[in-house]
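1. Provide a 3D model corresponding to the input given below.
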Amino acid sequence: MSLLRSIDKVLAAFGNIRAMERTHVDTFTENLISNIKGNKIAESEYGQLFVSFQNLANYEFLDVTVLSATNIKTFKRGSLTFLSGDNETIFLSDTQEIESNNSNVSKRWMTKISFVIGDGDKDMIVDKKFDKVFLKFKKKTLPLNKCD
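-> Model prediction:
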């Protein structure tokens, strides 16, 4: 394995783009991952969901950070669904374009998404009055279970 790394370093020195990408160590994204703001409210084998809240101009925003092995990239919004028994609460993302940041060190993707929420919705999320959370984008769904 070290022979291949040595070859990659030589190829990178000669300007090979793919070799440069393989040898690059992404400390920026790793620092972001280790300093995520907010509380972890849901997780599964597919990823982890961290939330924080922000109040701007009398609008309450739910700022979500998703750590997963999935690259989330869409230009058509995403949705976050909280499922509690028979109740279903759906939030649409505030921005159209969503894109993940990759860390080649830990092989994870970090995605930040913002949602506009109502007053009662914040209490439901903080008090963890839900069973499951689904992050939907494009034709994919990331299922997550509530953390204890």
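2. which phi and psi does residue 90 have?
-> The phi and psi values for residue 90, taken as degrees, to the nearest 10, are phi -120, psi 130.
3. burial of it, as a residue count?
-> Other residues near residue 90 number 12, with proximity taken as other Cβ atoms under 10 Å. Placement of C-beta: from N, CA and C, glycine included.
4. was I right about it contacting residue 80?
-> Yes: with contact defined as Cβ atoms under 8 Å, residue 90 counts as touching residue 80 (7.3 Å).
5. contacting residues for residue 76?
-> Counting by Cβ atoms under 8 Å, 6 or more residues apart in numbering, residue 76 makes contact with 96, 138.
6. Could you report the distance from it to residue 139?
-> Separation of residue 76 from residue 139 (Cβ to Cβ, to the nearest Å): 10 Å.
7. And the pLDDT at residue 9?
-> pLDDT recorded at residue 9 is 75.
8. element containing it, please.
-> Element membership for residue 9, per DSSP states H and E: helix 2-13.
9. Which of the helices or strands spans the spatially most central residue of the chain?
-> With distances taken as Cα atoms, centre = their mean, residue 66 lies nearest the centre of the chain, 2.1 Å away. According to DSSP H and E, residue 66 maps onto strand 59-68.
10. Average pLDDT for the helix or strand just after that strand, rounded please.
-> Downstream of strand 59-68, the first helix or strand assigned by DSSP H and E is strand 73-74. Strand 73-74 comes out with an average pLDDT of 90.
11. Give the other helices and strands that strand 73-74 contacts.
-> In this structure, strand 73-74 packs against strand 98-99, with contacts taken as 3 or more Cβ pairs under 8 Å, 6 or more residues apart in numbering; DSSP states H and E.
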